[in-house]
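Visitor: Model the following, please.
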Amino acid sequence: MSPTTGVLIMMNNYFHDVATAMLAASGAALWLIVRKYDGREDEAVTRYFLSIYTGMTKVARFSLYWILIGGVPRTLAYRSFEWANAVGHGQIPALIVKHVIVFSVVGAGVYFWLKVNRRVKAIREKMGA
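Guide: Numbering: from 1, shown residues only. Presented below is the predicted three-dimensional model:
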């Protein structure tokens, strides 16, 4: 593997992990915002909340797309880039735990977004938007 390819794979892997964290964190943050928003009748507050939701949805979608698209080169280069290094240092159990955690984090992020999305649909219906 050329040094340039190695750097590109390493950067992809880093941003892949960041995207995973962003998906879960943005979902959890918005879920907390929804909990604080509930019961507000002020139209300005509702419109502000919906604008936050729209912006954070863009972040979450970009994160999910990066996870899916960035996962392809990461998977293809895994044996030569990550696995070989991990085997050499006896880190296989750590890699297994990491991947279990990462899949759980993505699942949690998707769960939060689906839950928040249902709430936002109800808010929009109530507003007539």
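Visitor: Would you mind listing the buried residues in stretch 63-82?
Guide: Neighbour counts over stretch 63-82 (16 or more other Cβ atoms under 10 Å) mark 63-64, 66-67, 70-71, 73-74, 77-78, 81-82 as buried. Every residue, glycine included, has its C-beta placed from N, CA and C.
Visitor: now for the residues you listed, which pair is the farthest apart?
Guide: Leu64 and Phe81 (23.1 Å; Cβ to Cβ).
Visitor: picking that back up, just give me the closest of the buried residues of stretch 63-82 to Ser104.
Guide: Set against Ser104, the nearest of the buried residues of stretch 63-82 by Cβ to Cβ is Ile67 (13.4 Å).
Visitor: how near is the nearest residue to that closest one once chain neighbours are set aside to Phe81?
Guide: Excluding the flanking residues, the one nearest Ile67 by Cβ to Cβ, 6 or more residues apart in numbering is Ala19, at 5.0 Å. From Ala19 across to Phe81, the span is 18 Å (Cβ to Cβ, to the nearest Å).
Visitor: Check Leu50 too.
Guide: Taking Cβ to Cβ, one finds Leu50 at 42 Å from Phe81.
Visitor: Repeat that for Thr46.
Guide: Taking Cβ to Cβ, one finds Thr46 at 48 Å from Phe81.
Visitor: same thing with Ile123?
Guide: Using Cβ to Cβ, one gets 45 Å for the distance from Ile123 to Phe81.
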